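Undergrad: attaching a predicted model along with its sequence, questions to come.
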Amino acid sequence: MANLVKFEKRGSIGIITVDNPPVNALSVGVPQGIIEGVEASITDSGISAIILNGAGRGFIAGADINEFLKPPPPGSPSLDDMIRCFESSTKLILAAIHGNALGGGLETALACHYRCGTSTSVYGFPEVLIGILPGGQGTQRLPRISGVEKALPLMVSGEFIPANNALKLGIIDEIVDDELLEGAIVFAEKLVSEKRPLRKIRDETAEAPSAGFYENFEQSISKRARGYLAPYKIIEATKAAVELPFEEGVSRERELFQDCLRSDQSKGLMKLFFGERTCTKIPDVPKDTPTQKISTAAVLGAGTMGGGITMNFVNVGIPVTILEMSQEALDRGLDIICKNYANTVKKGRLSQEKMDQRISLITPTLSYDGIADADIVVEAVFEEMDIKKDVFRKLDSIMKPDAILATNTSTLDVDEIAAVTKRPEMVIGTHFFSPANVMKLLEVVRGARTKKEVIATVMQLGKTIKKVPVLVGVCDGFVGNRMLARYSKQAYQMVLEGALPQDVDKALFNFGLAMGPFAMGDLAGLDVGWRIRKRRATENSAIQDDAGIDDQICEMGRFGQKTNAGWYKYEPGSRVPIPDPEIEQLIVDYCEERQIQRRPIASQEILERCIYALVNEGAKILEEGMALRASDIDVIYANGYGFPRFRSGPMLYADMIGLDKVYEAICRYHEQFGDAWKPAPLLKRLADQGKTFNDL
Ligand code: 3H9
């Protein structure tokens, strides 16, 4: 028997244990090992029942996702072979579950005759999150035991459910003691002594759902599932469970599974799955680097960012002292935090008790003395170098010696900030994205002198506060915003050349982005950038005074959604952008005054210029070492910039198009539009070598 699976006999029970760390995936060899365990049990007349369980942290977390990205190995028994073996078994098989039973792991359990789990066990079909469907008969079995109306939302959301819900849905038959094997043995012996039948889910019927169910369900997921293939394939497979005999349903499921597996979407999502795990691995900061314990935090500034950052900490039980300069600012900030939580309570996603607990972890203060003992302080004050420097000098003088000093700057040089302290090795950037309590991305900015222990601590802290932390280097805009500047510039440029904001936004929305750059500008508020540009122009006479279209829009008092007008207009209380003839006229007049010849711009050009601008800058960032890997950039874009997850991110998208084609297009734009399009040397090199960013 393969050593990924162990077999032992305890009394009259054959015990098969999958032991394939870290998550007991069904890698090549595991199904074979399990089959051998079942066969050994069947031939042993002293065995009356079989228990299948997992070693370590959980039962089985599903198929081995790595194996989907490679050609299948020849001849090794598959999940299907294993299920057939279970169904032809003459002895009762009980799945005994602790930790996770996910995807193919849950399908394995559903092919057993009975299932029991500990009270803390967790169940789910997360295949949809990697662009596939439960293709080990899950779409045919779950509707048969839980009903279509319960099964479909579970498979389409990829949600994990706890044991008590799984019991209600019929996924498990019994919750056993946390001493899993003892409880499972008792349960198996009971099933045998009661001569319970070898129950097969395949023999049951999936009843049709109530009239209109599928239509309503599709409607309910239409926003979330826009552009995605797998959710709709799961619906089709579920219909097959109702409409076709079991074996035919299984064949249909197999076809639909292959459709998903062959798609670029599943490749993109699987790459992102691994990318989101690889991004915390830093070559020169090994896993065993010592970390500091973070038991308390301080946040400087109770504005939108400071408030959001504070919420992240208290959400996971880390008390925060929040410092402001005036009582009024402090009260305003705390009020917003309370309102945010109250909204979540109103939506039923948080209990009042939990809200109160979280609020009680926040200590407001007006004095630096109040924060001196915090393990980490995150500064979120006004984005101005001199102000930040003053703040860091002050922090350096009052914070305890081993405190981590973090800045939430989105544009300023972290090394310059660190240089005003006597402990630059303790200074690091933590670039949160707005709204900081919602957005998953955290750019962790490594300064030239930041200590490895500090990096390891902050990366770990990022995970603790449920962010996706990605390490980046010090450069203007770091990774995400530096690339975004190129993208936004192209979007704006095309409006000057002949496109309208709605044309640009539509092309990018259809590509799968949550929204295009102009709708995004309106959402974020146009006045912030405008005020910065105005201030810079006053401070520096070398900056030319030709107000851009965006400046003119602000001068009209149109600051975006908050004023019901920006690049678009908005009905009061609505967030739906409506193209505005007044803006169209403004654009046309603006171009006429400057004798800019406008021309129609096809959506293909819009898309290429925006996305390739990201890719070209991304290539420069990689070459400079500001991001560790192409997949880190994709993780940044998927988690911080609404890039469609099914495309993984701009770098994998470019790889899939072919870097030779991308390079060729960029060279064309370079010739046409000049220096802004200078191709990144790395892009040229990879294109010449027929390689991809992901080969690096
Ligand atoms: C499937 O089952 C298809 C079938 O329906 C049909 C087949 C025909 N494969 O997340 P973590 C690795 S599709 C390979 O940091 P956690 C992961 O990369 C599958 N590797 O831990 C990481 O490696 P490393 C359906 C996997 O405690 C390490 O394990 N199942 C797999 O935060 C630890 O992972 C899923 O989609 C895998 N399936 O979370 C479940 N899973 O240390 C996907 C994990 O080198 N997995 N790894 O970076 C998860 O959701 C989480 O990993 C889990 C643990 C909740 C299990």
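TA: The structure has been received and is ready for your questions.
Undergrad: give me the average confidence score over stretch 128-145.
TA: Mean pLDDT, computed over stretch 128-145, is 98.
Undergrad: is that stretch positioned near the ligand?
TA: Yes. Stretch 128-145 reaches the ligand (CB under 6 Å from any ligand atom) through 130, 134-136, 138. C-beta: built from backbone N, CA, C; applies to glycine.
Undergrad: got the buried residues for the helix or strand where residue 507 lies?
TA: Using DSSP states H and E, residue 507 sits within helix 501-511. Under the neighbour-count criterion of 16 or more other CB atoms under 10 Å, helix 501-511 has 501-509, 511 buried.
Undergrad: any bit of stretch 245-263 sitting next to the ligand?
TA: No. Between stretch 245-263 and the ligand, judged by CB under 6 Å from any ligand atom, nothing touches; the nearest distance is 6.6 Å.
Undergrad: re the thing from before, show me what the helix holding residue 507 is packed up against.
TA: Contacts defined by 3 or more CB pairs under 8 Å, 6 or more residues apart in numbering; DSSP states H and E place helix 501-511 against helix 480-497, helix 517-524, helix 603-624.
Undergrad: run the last query once more with 6 Å
TA: Helix 501-511 sits against helix 517-524, helix 603-624, with contacts defined as 3 or more CB pairs under 6 Å, 6 or more residues apart in numbering; DSSP states H and E.
Undergrad: what's the closest of those to the ligand?
TA: helix 603-624 (21.0 Å; CB to the nearest ligand atom).
Undergrad: for the following helix or strand past the closest one, output the C-alpha coordinates as CSV.
TA: Next in sequence after helix 603-624, counting helices and strands by DSSP H and E, comes helix 630-640. Taking C-alpha atoms only, helix 630-640 is exported to CSV below (Å, rounded to 0.1, in the frame of the first residue of the first chain):
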residue,chain,number,x,y,z
ALA,A,630,4.6,37.9,-11.3
SER,A,631,2.0,36.1,-9.2
ASP,A,632,2.4,38.6,-6.4
ILE,A,633,1.4,41.4,-8.8
ASP,A,634,-1.6,39.4,-9.8
VAL,A,635,-2.6,38.8,-6.2
ILE,A,636,-2.3,42.6,-5.6
TYR,A,637,-4.6,43.3,-8.6
ALA,A,638,-7.1,40.6,-7.8
ASN,A,639,-7.4,41.7,-4.1
GLY,A,640,-6.9,45.4,-4.3
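Undergrad: what's the spacing between helix 630-640 and its chain's center?
TA: Per CA atoms, centre = their mean, to the nearest Å, the displacement of helix 630-640 from the mean C-alpha position of its chain is 9 Å.
Undergrad: now the angle from it to helix 603-624?
TA: Calculated by axes from the mean of the first three to the mean of the last three CA atoms, to 10 degrees, helix 630-640 forms an angle of 120 degrees with helix 603-624.
Undergrad: would you reformat the helices and strands packed on helix 501-511 as TSV and include mean neighbour count, distance to the ligand and mean pLDDT?
TA: Output for those, formatted as TSV (neighbours: other CB atoms under 10 Å; distance: least, CB to the nearest ligand atom, whole Å; pLDDT from 0 to 100):
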stretch	mean neighbour count	distance to the ligand	mean pLDDT
helix 517-524	23	30	93
helix 603-624	22	21	98
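Undergrad: got those helices as CSV, with distance to residue 417 columns?
TA: Listed next are those as CSV, based on distance: least, CB to CB, whole Å:
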stretch, distance to residue 417
helix 517-524, 24
helix 603-624, 20
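Undergrad: give me the buried positions along the helix or strand of the chain with the lowest mean pLDDT.
TA: The least trusted helix or strand in the chain, going by mean pLDDT, DSSP states H and E, turns out to be helix 527-539, with a mean of 80. Judged by neighbour count (16+ other CB under 10 Å), helix 527-539 contains these buried residues: 527, 530, 533-534.
Undergrad: likewise for stretch 333-341?
TA: Residues of stretch 333-341 classed as buried: 333-334, 336-337, 340-341 (neighbour count, 16+ other CB under 10 Å).
Undergrad: one more: stretch 21-34?
TA: 23-34.
Undergrad: and the helices in the stretch 201-350 of the chain, which stretches?
TA: Under the criterion DSSP state H, counting those that start in this stretch, the stretch 201-350 of the chain contains helices at 213-221, 230-243, 246-262, 264-278, 304-315, 327-346.
Undergrad: and stretch 9-21, C-alpha only, in CSV?
TA: The C-alpha trace of stretch 9-21 is given here as CSV (Å, rounded to 0.1, in the frame of the first residue of the first chain):
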residue,chain,number,x,y,z
LYS,A,9,-7.2,-3.2,12.4
ARG,A,10,-8.8,-2.3,15.7
GLY,A,11,-11.0,-5.2,16.9
SER,A,12,-13.4,-5.9,14.1
ILE,A,13,-12.9,-2.5,12.4
GLY,A,14,-10.5,-1.8,9.5
ILE,A,15,-9.2,1.7,9.8
ILE,A,16,-7.9,3.5,6.7
THR,A,17,-6.1,6.7,7.4
VAL,A,18,-5.1,9.2,4.7
ASP,A,19,-1.8,10.7,5.7
ASN,A,20,-0.8,13.2,3.0
PRO,A,21,0.2,16.5,4.7
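Undergrad: next one: it to chain centre, how far?
TA: 36 Å.
Undergrad: pull the residues that contact it.
TA: When contacts are defined by CB atoms under 6 Å, 6 or more residues apart in numbering, stretch 9-21 is touched by residues 4-8, 24, 27, 30, 34, 37, 41, 47-56, 60, 185, 188.
Undergrad: equivalent analysis for stretch 642-659, please.
TA: For stretch 642-659, contacts defined as CB under 6 Å, 6+ apart pick out 227-228, 264-265, 268-269, 271-272, 512-514, 611, 614-615, 618, 630, 633-634, 637-638, 662, 686-687, 692-694.
Undergrad: buried members of those into ChimeraX, please.
TA: Only the buried entries of the contacts of stretch 642-659 go into this ChimeraX selection, using 16+ other CB under 10 Å:
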select :228,265,268,269,271,272,512,513,611,614,615,618,630,633,634,637,638,662,686,687,692,693,694
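Undergrad: sorry, back to before: and the helix holding residue 507 with helix 603-624, angle?
TA: 70 degrees.
Undergrad: average pLDDT for helix 501-511?
TA: Rounded mean pLDDT across helix 501-511 is 97.
Undergrad: stretch 181-193 now?
TA: Averaged across stretch 181-193, pLDDT comes to 96.
Undergrad: buried stuff in that stretch?
TA: For stretch 181-193, the neighbour count (16+ other CB under 10 Å) marks 181, 183-185, 187-188, 191-192 as buried.
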